[in-house]
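**Student:** this one's structure only:
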């Protein structure tokens with residue numbers, strides 16, 4: 001959610017941002033290629049190469065405008081979650097009980113409806129006796 005004091009600003013992706021995103025993508029692909037290219041090496045070396053290149057790719061992404069927007073979105077989401085009034089344990093248990101009771105009542109209703117329609121169609125209308 002945007003800050004209510006500042007007007008919404010539409011950002012235009014610059015060439016530098018596009019280049020950062022391309023570099024990040026190339027680094028991700030390079031990380032996977034390096035992992036398999038180092039197939040004859042020890043596993044720890046392969047995993048280390050993969051992790052280092054992925055971390056560099058993530059850092060490159062988060063320096064671009066889309067990365068900054070993602071960080072801002074995450075911060076706004078955390079701020080909104082902190083505003084939520086969570087139910088107490090008692091309220092949560094009561095609501096769970098209501099849901100279970102409703103499910104049982106609906107299951108009985110649907111079962112009775114199914115058996116009634118089965119009786120009407122097969123026994124009365126078609127005359128099939130089981």
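**Tutor:** Sure thing, it's come through. Keep in mind the model is a prediction, meaning the values are calculated, not measured.

**Student:** any buried residues in stretch 56-73, and which?
**Tutor:** 56, 57, 60, 61, 64, 65, 66, 67 (16 or more other Cβ atoms under 10 Å). Yep, even glycine has a C-beta here, placed from its N, CA and C like the rest.

**Student:** work out the gap between that stretch and the centre of the chain.
**Tutor:** 19 Å (Cα atoms, centre = their mean, to the nearest Å).

**Student:** start and end of it, how far apart?
**Tutor:** 22 Å (Cα to Cα, to the nearest Å).

**Student:** contacts for that stretch, please.
**Tutor:** 11, 13-14, 16-17, 20-21, 23-25, 27-28, 31 (Cβ atoms under 8 Å, 6 or more residues apart in numbering).

**Student:** next one: stretch 42-54
**Tutor:** With Cβ under 8 Å, 6+ apart, stretch 42-54 has contacts from 27, 28, 30, 31, 32, 34, 35, 38, 39.

**Student:** how near is the first one to residue 15?
**Tutor:** This means residue 27. For residue 27, the distance to residue 15 (Cβ to Cβ, to the nearest Å) stands at 18 Å.

**Student:** between those two, who's got more neighbours?
**Tutor:** For residue 27 versus residue 15, neighbours defined as other Cβ atoms under 10 Å are more numerous around residue 27 (20 against 7).
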